[in-house]
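**Q** Pasting the sequence and the predicted model now:
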Amino acid sequence: MSEQIYGIHAVSAVLATTPERLIEVLVLKGREDKRLLPLLAELNQLGITVQYLTRQALDKKANGEVHQGIIARVQAPKEYAENDLYTLLNEKKQPLLLVLDGITDPHNLGACLRTADAAGVDAVIVPRDKSAQLTSVARKVACGAAEVVPLIRVTNLARTLKTLQEEYNVWVVGTAGEAESSIYQAKLTGAIALVMGAEGDGMRRLTREHCDQLVSIPMQGSVSSLNVSVATGVCLFEIVRQNLN
């Protein structure tokens with residue numbers, strides 16, 4: 001089973017992490033720039049087929065996606081399941097986990113993955129149902145992070161959170177606009193799972209009930225909330241800051 005990925009970042013990430021997945025690469029004819037040439041040289045060294053197409057032909061292959069002059073056909077990546085999460089936790093003493101509850105927009109999923117990678121998150125956990133799929137759009141927005149940060153789908157998110165707490169001593173911090181304690185007042189060191197809910201609806205009731213602590217981001221202006229990927233960045237980097245001190 002294969003899929004297409006689009007853009008320099010996404011193709012570069014596959015080339016750097018799992019080059020064996022690359023089947024063929026399609027490139028805009030006549031495009032030669034500093035970002036693309038080293039990538040093409042590496043593909044050539046690995047013996048990966050590169051086809052040069054006109055813009056019209058490449059646009060047709062892209063099916064409406066923004067391709068930045070490069071498309072790759074790759075073998076579908078490994079899908080992570082709950083057992084992979086526990087294998088990871090057995091290897092990490094103080095994991096940093098990001099839990100996305102009800103994030104259905106692939107753009108937001110991709111942006112959250114990109115932020116998670118930048119913050120050193122060990123894995124992103126999502127429920128199997130009512131969650132965005134790792135589409136080509138999500139991969140492109142993630143700028144390569146989708147290839148290196150495990151996205152783990154679980155059947156029952158509340159049960160997974162309970163297991164994290166009881167068996168792995170992970171502190172589960174949920175975000176809610178009405179929470180009295182701000183993210184800057186909370187103690188966020190050690191093994192942490194940060195839970196972000198969907199914009200508007202927030203976390204589901206059962207997810208909220210399985211959090212050890214609820215925190216909010218203090219808002220100073222007229223807007224009532226942040227985009228979920230922006231809020232994720234604020235919270236993750238406060239965790240990073242506290243663990244650096």
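**A** Looks like it came in fine.

**Q** Geometrically speaking, which residue is the centre of this protein?
**A** For the chain, the residue sitting closest to the mean C-alpha position, by CA atoms, centre = their mean, is Leu113 at 1.9 Å.

**Q** where in the chain is pLDDT low?
**A** Across the chain, the ranges flagged by pLDDT under 70 are 224.

**Q** Got the domain ranges for it?
**A** What the TED database lists as the domains of the chain is 2-75, 82-244.

**Q** Run through who's touching the helix or strand harbouring Leu161.
**A** Using DSSP states H and E, Leu161 sits within helix 157-168. Here helix 157-168 makes contact (CB atoms under 8 Å, 6 or more residues apart in numbering) with 82, 85-86, 89, 95, 97, 99, 101, 125-127, 154, 170-172, 191, 193, 195, 204, 206-207, 209-212. To be clear about C-beta, it is placed using only N, CA and C from the backbone, and glycine gets the same treatment.

**Q** In strands, which of the residues you listed appear?
**A** Members of the contacts of helix 157-168 lying in strands (criterion: DSSP state E): Leu97, Val99, Asp101, Ile125, Val126, Pro127, Val154, Trp171, Val172, Ala193, Val195.

**Q** residues near the first one, how many?
**A** In other words, Leu97. 26 (other CB atoms under 10 Å).

**Q** do the second one as well
**A** Each residue near Val99 was counted by other CB under 10 Å, and the total is 27.

**Q** looking at it, it is touching Ile125, isn't it?
**A** Yes. Counting by CB atoms under 8 Å, Ile125 is a contact partner of Val99 at 4.7 Å.

**Q** Give me the common contacts of these two.
**A** With CB under 8 Å, 6+ apart as the test, Val99 and Ile125 both reach Leu157, Ala193.

**Q** which residues touch Asn90?
**A** Under the criterion of CB under 8 Å, 6+ apart, Asn90 has no neighbours.

**Q** how far away is it from Asn227?
**A** Distance of Asn90 to Asn227, given as CB to CB, to the nearest Å: 34 Å.

**Q** where along the chain do the helices fall?
**A** Here the chain has its helices, by DSSP state H, at 8-17, 36-45, 55-62, 82-91, 106-119, 136-142, 157-168, 205-209, 228-244.

**Q** Redo these as CSV? Include distance to Lys29.
**A** As requested, these are arranged in CSV below (distance: least, CB to CB, whole Å):
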stretch, distance to Lys29
helix 8-17, 16
helix 36-45, 12
helix 55-62, 8
helix 82-91, 41
helix 106-119, 28
helix 136-142, 21
helix 157-168, 47
helix 205-209, 49
helix 228-244, 35
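
**Q** can you tell me which of the ones you listed comes nearest to Val74?
**A** Closest of the helices of the chain to Val74 is helix 8-17, at 5.8 Å (criterion: CB to CB).

**Q** Now do the closest one: which elements does it pack against?
**A** strand 22-28, helix 36-45, strand 70-75, helix 136-142 (3 or more CB pairs under 8 Å, 6 or more residues apart in numbering; DSSP states H and E).

**Q** For that helix, buried residues please.
**A** For helix 8-17, a neighbour-count test (16 or more other CB atoms under 10 Å) marks Ile8, His9, Ala10, Val11, Ser12, Ala13, Val14, Leu15 as buried.

**Q** any idea how far that helix is from the chain center?
**A** Here helix 8-17 is found 15 Å from its chain centre; the criterion is CA atoms, centre = their mean, to the nearest Å.

**Q** same check, this time on stretch 76-85
**A** Relative to the mean C-alpha coordinate of its chain, stretch 76-85 is positioned 14 Å out (CA atoms, centre = their mean).

**Q** can I get the CA coordinates of it in PDB?
**A** Written as PDB, here are the backbone C-alpha positions of stretch 76-85 (Å, rounded to 0.1, in the frame of the first residue of the first chain):
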ATOM      1  CA  ALA A  76       2.500   3.700   3.900                       C
ATOM      2  CA  PRO A  77       4.200   4.200   7.200                       C
ATOM      3  CA  LYS A  78       3.800   2.000  10.300                       C
ATOM      4  CA  GLU A  79       0.700   2.500  12.300                       C
ATOM      5  CA  TYR A  80       1.200   2.700  16.000                       C
ATOM      6  CA  ALA A  81      -1.100   1.100  18.500                       C
ATOM      7  CA  GLU A  82      -1.500   1.100  22.300                       C
ATOM      8  CA  ASN A  83       1.100  -1.600  22.800                       C
ATOM      9  CA  ASP A  84       3.700   0.600  21.100                       C
ATOM     10  CA  LEU A  85       2.900   3.300  23.700                       C
END
